[in-house]
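Peer 1: the following block contains a protein sequence and its predicted model.
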Amino acid sequence: MDTYSTDSNPTDRTLTLREGLARYYAANPDFIQDRDMQIGPFHIPWQDLLRHDLMHVVTGYSTDLGAELQLLGFLLTALSWKRPWYYYVQSCGVFLELLWQSLTGRAWGSKYVNPLQVCQLYYRGIRQGCTVKKKVDAYINPETLMDTRLDALRFEYGIDNAGGLE
């Protein structure tokens with residue numbers, strides 16, 4: 001299980017988004033940075049990958065399978081509805097793929113999550129996304145936020161408890 005967190009000690013309350021992102025990439029050195037990604041027929045621009053990674057940092061969701069499911073549900077409801085079409089495909093498609101694999105008894109990577117858990121984790125993220133007090137602009141320029149403190153971003157958007165880490 002991934003142990004990434006931006007809230008591991010009291011001094012982290014002054015951590016900026018840039019510093020949180022640096023910690024995130026240090027904890028996940030194999031993640032793609034600074035280039036687009038091709039997944040099958042889908043081309044995902046680097047800026048969209050960066051926005052996804054930034055949401056891990058802001059919400060506190062780790063990169064393990066359960067937290068990814070929660071983040072996908074969160075993004076479905078916390079982002080502005082005007083967004084690239086593939087954001088919807090990513091959220092709903094990955095959920096349905098994981099659910100199908102679970103229903104057929106297959107693991108995702110080395111971890112099996114039962115169908116009820118898949119639904120509960122995704123729904124938990126959806127519920128949290130519904131509680132934000134300000135929708136996240138899906139087209140926001142990440143550079144404009146990099147030097148903003150994480151606690152200020154969480155307060156502005158109403159992201160309680162810094163995500164779903166338990």
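Peer 2: Received it, and whenever you're ready, just let me know what you need.
Peer 1: all strands for this protein, in order.
Peer 2: Ranges of strands in the chain, per DSSP state E, are 37-39, 42-44.
Peer 1: what lies in contact with the longest helix along the chain?
Peer 2: Using DSSP state H, we find that the single longest helix of the chain is helix 115-130. The contact list for helix 115-130 (C-beta atoms under 8 Å, 6 or more residues apart in numbering) reads 59, 61, 66, 69-79, 95, 98-99, 102-103, 113, 159-160, 163-164. To be clear about C-beta, it is placed using only N, CA and C from the backbone, and glycine gets the same treatment.
Peer 1: please apply the same query to stretch 33-53.
Peer 2: 21, 24-25, 31-32, 71, 75, 84, 86-87, 89, 138, 140, 142.
Peer 1: give me the ChimeraX select line for these, limited to the buried ones.
Peer 2: Selection of buried members from the contacts of stretch 33-53 for ChimeraX, criterion 16 or more other C-beta atoms under 10 Å:
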select :21,24,71,75,87,138
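Peer 1: I'd like the contacts of stretch 33-53 written out as TSV, with distance to I126 and pLDDT added.
Peer 2: Converted to TSV, the contacts of stretch 33-53 look like this (distance: C-beta to C-beta, whole Å; pLDDT from 0 to 100):
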residue	distance to I126	pLDDT
L21	25	95
Y24	23	93
Y25	27	94
F31	25	88
I32	26	83
L71	11	92
L75	9	91
P84	19	78
Y86	19	76
Y87	14	81
V89	16	79
A138	16	89
I140	21	89
P142	24	92
